[in-house]
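**Q** here is a sequence together with a model predicted from it:
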Amino acid sequence: MAESSKPILYSYFRSSCSWRVRIALALKNIDYETVAINLTKDGGQQFSEEFQALNPMKQVPALKIDGITIGQSLAIIEYLEETRPTPRLLPRDPKKRAQVRMVSDLIASGIQPLQNLSVLKQVGQENQLTWAQQAITSGFNALEQILQSTAGRYCVGDEVSMADLCLAPQVANADRFKVDLTPYPTISRINKSLLALEAFHVSHPCRQPDTPPELRA
């Protein structure tokens, strides 16, 4: 395969949405190039005209693949699933598939956007930690309850799915915002199992090309 035909992932090491896509690419064994978009440097590189032409939402991730550019992590994962179906990230069973999408959407729409960088800027420096903790705790209260009925080894049954790709990065966010995870034994147990998997390990924020030296592990 020619070098130029490799997919290109526009990513930021700490972006949980980018991490979801990195996990999918690792699980599906897709070789790709990373273009780092630093969300805090130069006033935010996502606001550059060049990047805005690529993704008008001025957010990472964006994936250039098969001659198209896709923004939004779940849309990217679903495209990869449809074009490169192994290993499967959406169960065949329609009920389980709906549960995977429900958990994914709960995190991707109901928790993560409330505590992301653009929202935290709006609430003011002194309120950021409390705001983020409340957003995550509120979501995790619901998520823990749902997972108690859907989980096996992972979020839905015993196979890694798109839901798990959303869970691990969100737990990392919870850690970063010092959320007490004691009330969430199911979330914590699943997360521990996921972080032991190679695809979650290599795609981790502390192991990316743009990870600052002091945060590497």
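**A** Received it, and whenever you're ready, just let me know what you need.
**Q** contacts and neighbour counts: CA atoms only from here.
**A** OK.
**Q** what helix or strand is residue 63 located in?
**A** strand 62-65 (DSSP states H and E).
**Q** mind giving me the domain split of this protein?
**A** Following the assignment in automatic domain parsing, the chain carries domains at 8-87, 94-200.
**Q** what does stretch 196-211 rub up against?
**A** Stretch 196-211 has contacts (Cα atoms under 8 Å, 6 or more residues apart in numbering) with 12-15, 19, 22-24, 26-27, 34, 36, 194-195, 215-217.
**Q** if we go to 10 Å?
**A** 11-16, 18-29, 34-38, 160, 164-165, 168-169, 172, 193-195, 212-217 (Cα atoms under 10 Å, 6 or more residues apart in numbering).
**Q** and the residues you listed, which of them are in helices?
**A** 16, 18-27, 164-165, 168-169, 172, 193-195 (DSSP state H).
**Q** for this protein, longest helix please?
**A** Scanning the chain for the longest helix, with DSSP H as the assignment, gives helix 128-150.
**Q** which other helices and strands contact that helix?
**A** Other elements packing on helix 128-150 under the criterion 3 or more Cα pairs under 10 Å, 6 or more residues apart in numbering; DSSP states H and E are helix 94-110, helix 117-123, helix 162-176, helix 185-195.
**Q** pick out the shakiest of these, pLDDT-wise.
**A** Note on the helices and strands packed on helix 128-150: lowest mean pLDDT is at helix 117-123, with a mean of 87.
**Q** before we move on, back to that, list the strands paired with the strand holding residue 63, with their directions.
**A** The pairing partners recorded for strand 62-65 under DSSP bridges are strand 8-11 (antiparallel), strand 68-71 (antiparallel).
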